[in-house]
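Participant: Attaching a predicted model along with its sequence, questions to come.
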Amino acid sequence: MTIGPTGSGKVSLARQMARSVLALDLGDFGPEVVAKAKLCLLDFLSCAFEAGHHPWSRQAVAIAQAGGNATIIGTSQLSSSADAAFANAVMGHGLVREDMHAASIAHHGVVIWPTLLALSEQTPLHGARLLAAAIIGYETGARIGRALLTSDLARLYRPTGLVAPPGAALAGSFALGLSEDAATSAVAIAANTSSGLNEWPHAGGSDMYFHPGFASSNAIKAIGLAAAGAFGSETILEGEAGLFAAYRRQAAPDSITLFPDGESEIMAVYNKPVPACNFAQTAAQAALRVSHELASTEEIDRVIIRAPDAAVRYPGCDSMGPYRNALQAKMSIPFSVAATLTRGEIEEENYSELDDADIIRLVAVTDLGADPGFTAAFPGKQGAEVTVHLRSGRTIRHALPDVIAATPSDIRARFRAAAIRALGEDRAHRLEQLIDGCEQLGNAGDIAAQCRLDAPERVLRSAS
C-alpha cells in the first residue's frame, strides 16, 4: 500500500478516491446510469448550442487562442484543450439551465463534459471510457460536495467552483489512464484551483458564467501537469491547510466513499426544466399551476412563496430588484414566480423584459420565506409552495414536494431544436446517434468534432 506523505500509513482522501475508481469500466455501471450520462451530455450540448450567441459566450470564445485541435462548440474554431474547455463550459452554463446536483448545490456537468470532450480530441479515447469517466467525475464532485458544503458556505463561495475541479480532474485522469500517483496529484492540483465568489448576485456581474470555465480549464491543466510528473499535495482535502480547513473550517471526514453500495450520484442529478437558478425551479412550477386558475394577474393582491431555508438564503434568490440583467432575474425566486404568473409559461423569454410592469408589481407584493417542512426535506427533496391572494378574497394555492425534472423526451426535444438551429437537421441527427451509441464508439473525439460547423468528412460519415 502507498502511504501518505506523513509516513503515518493513512491513505489520503485524494488517493482513496483515485484508487477506488481507476480499475472501473463502463460495465461496472447499470444501464440506467449509462443512459443518464448520455442524457446529461445531450442536455449540456443543447445548452451550449442555445447559449452560443449570448455575450458571455462570445467573450469566452473571443479570448480562446487559435490553433490546437479542440473544438469550440457551434463554431469553426479550434483551440487548445484548456481554451476550448473554458469556452464550452461558459456556453454550457450560459442559459442557467445546466444539470443540477442539489445535495452539493453544484453543477458538475458544465465542468466534466467540457473537460472530457477536450481531452477526447487530444488523446484517442473510446466512447465507453468517456462515459465511465463522466460518471466518475459526477460521483467525485458530488461526494466531496456533500461532505463540504453548507448553506452558510454557499452564500460566500460558489459550490461548482469549489468541488467540480477535483471531480473533473479525476474524471480526466481515468479517461487518459493515468497511474494512481498521477491521478492523486491531478486531484490535488485541481483542488488548489477551487474558487468562485458569490458577490455577482449582489453586484449584478456576469462572473458566475465564467466559474465553470475556470474549473474546466484548470482541471485540464491539473491533469496535464500530473501526467508530466508534477507532484500535488496529497492531503489537499483533509490537511491542516486543505480544502475542508480553508472553506468549511472543520476537519474533513476520515473517508469519502465513491459508489457506496453500488449507488451512483449521477442518478441524483436532475436536468432543469426552467432556465433559472436551481432554487427557483419548484416555485416556478408551482406558480405555473396557479396561473392556470387565474383569469388575469390584475386579480392578484399578494403572493406568498415558501421554500427550503437553503433556497431563501442563497445569494440573489430573495432579490426583489431592481434587476440590472437577466442573470439577477434568473436568480430571484420572486421574479421567476412573478414572470410565470404573468406569462403563464416557463420559458427563456420570461427573463427578457426586466421592467415589465405586471411582473414588477407582483414582485413588489411578494413575500418569500422558509418553510420548516421543506427545509427538513432538503436536499433529498426540494419543495415549494405558491399562494396567491386575490382582491376578491379568493386564495389559490399550489405546492410541490419536489422539483419536477425535465424528462428524457424534454431533454431530447430541446437538444434537437438547438442542434438543428446550429448544425442543420442531418448533422443534429448524426450527433444524437453518436451519443446514443457512445459505448460502441471507437473514437469519442468524433462527438466533439461533430459539434463544429466545419466538421471533417470523416466525422460527418461516422454516424451514417
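Facilitator: Everything's here; your move. Because the structure is predicted, anything quoted here is derived from the model rather than measured.
Participant: Would you map the strands across the stretch 51-200 of the chain?
Facilitator: 66-71, 78-79 (DSSP state E, counting those that start in this stretch).
Participant: Nearest to A338 among the ones you listed would be which one?
Facilitator: Closest approach to A338 among the strands of the stretch 51-200 of the chain is made by strand 66-71 (39.4 Å; CB to CB). For glycine as for every other residue, the C-beta is placed from the backbone atoms N, C-alpha and C.
Participant: Okay, now the sheet partners of the closest one, with direction.
Facilitator: Strand 66-71 pairs in its sheet with strand 78-79 (antiparallel), by DSSP bridges.
Participant: what about stretch 99-109, start to end distance?
Facilitator: End-to-end span of stretch 99-109 (CA to CA, to the nearest Å): 6 Å.
Participant: Any idea what I300 is bridged to?
Facilitator: L390.
Participant: Also the one 4 residues further on?
Facilitator: As for beta bridges, I304 partners with D367, T387 under DSSP bridges.
Participant: Pull the number of nearby residues for it.
Facilitator: Neighbour count for I304, taken as other CB atoms under 10 Å: 17.
Participant: number of nearby residues for H202?
Facilitator: For H202, the count of nearby residues is 11 (other CB under 10 Å).
Participant: Tell me if I am right that it is in a helix.
Facilitator: Yes. The assignment for H202 is a helix, going by DSSP: H, G, I helix; E, B strand; the rest coil.
Participant: tell me the pLDDT at the residue lying closest to it once chain neighbours are set aside?
Facilitator: Spatial nearest neighbour of H202, excluding adjacent residues (CB to CB, 6 or more residues apart in numbering): P315 at 6.6 Å. You'll see P315 listed with a pLDDT of 92.
Participant: again, but for L162
Facilitator: So L162 comes in at 97 (pLDDT).
Participant: wait, it sits on L243?
Facilitator: Yes. Counting by CB atoms under 8 Å, L243 is a contact partner of L162 at 7.4 Å.
Participant: wait, isn't S206 in contact with W200?
Facilitator: Yes. Using CB under 8 Å, S206 is in contact with W200, at 7.1 Å.
Participant: out of the strands of the stretch 51-200 of the chain, which comes closest to A406?
Facilitator: Closest among the strands of the stretch 51-200 of the chain, once you apply CB to CB, is strand 66-71, at 25.4 Å.
Participant: circling back: got any residues that touch both of S206 and W200?
Facilitator: Shared contacts of S206 and W200, defined by CB atoms under 8 Å, 6 or more residues apart in numbering, comprise L327.
Participant: the more surrounded of those two?
Facilitator: Taking neighbours as other CB under 10 Å, S206 and W200 compare with W200 leading, 21 against 15.
Participant: So L162 and L243 - more neighbours on which side?
Facilitator: L162 (29 against 25).
Participant: Who are the contact partners of the more buried one?
Facilitator: For L162, the contacting residues are A106, G145, L148, L149, S194, S195, G196, L243, Y247, by CB under 8 Å, 6+ apart.
Participant: Same list as before, these that is, but in JSON lines and with pLDDT and distance to K10 included.
Facilitator: Output for the contacts of L162, formatted as JSON lines (pLDDT from 0 to 100; distance: CB to CB, whole Å):
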{"residue": "A106", "pLDDT": "96", "distance to K10": "27"}
{"residue": "G145", "pLDDT": "96", "distance to K10": "23"}
{"residue": "L148", "pLDDT": "96", "distance to K10": "20"}
{"residue": "L149", "pLDDT": "92", "distance to K10": "24"}
{"residue": "S194", "pLDDT": "96", "distance to K10": "22"}
{"residue": "S195", "pLDDT": "94", "distance to K10": "28"}
{"residue": "G196", "pLDDT": "95", "distance to K10": "30"}
{"residue": "L243", "pLDDT": "97", "distance to K10": "17"}
{"residue": "Y247", "pLDDT": "95", "distance to K10": "22"}
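Participant: Same list (the residues you listed) but as a markdown table, adding distance to P308.
Facilitator: Compiled in a markdown table, those are given as follows (distance: CB to CB, whole Å):
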| residue | distance to P308 |
| --- | --- |
| A106 | 16 |
| G145 | 17 |
| L148 | 19 |
| L149 | 14 |
| S194 | 25 |
| S195 | 26 |
| G196 | 22 |
| L243 | 25 |
| Y247 | 22 |
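Participant: Generate a PyMOL selection restricted to the buried subset of those residues.
Facilitator: Selection of buried members from the contacts of L162 for PyMOL, criterion 16 or more other CB atoms under 10 Å:
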select buried, resi 106+145+148+149+194+196+243+247
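Participant: Show me the residue at the heart of the protein, geometrically.
Facilitator: The chain has H107 as the residue nearest its centroid, 2.3 Å off, counting by CA atoms, centre = their mean.
Participant: wait, what's in contact with it?
Facilitator: For H107, the contacting residues are H93, E98, D99, M100, H101, T160, A164, P212, by CB under 8 Å, 6+ apart.
Participant: just checking, the fifth one touches V269?
Facilitator: Yes. With the criterion set as CB under 8 Å, H101 and V269 qualify as a contacting pair; they are 4.9 Å apart.
Participant: tell me, what's touching these two both at once?
Facilitator: Common neighbours of H101 and V269, counting by CB under 8 Å, 6+ apart, are H108, Y138, A142.
Participant: and the closest residue to the last one other than its chain neighbours, how far is that from S20?
Facilitator: Looking back up the chat, that one is A142. Using CB to CB, 6+ apart and skipping residues adjacent in sequence, the residue nearest A142 is E265, 3.7 Å away. Counting by CB to CB, to the nearest Å, the gap from E265 to S20 is 14 Å.
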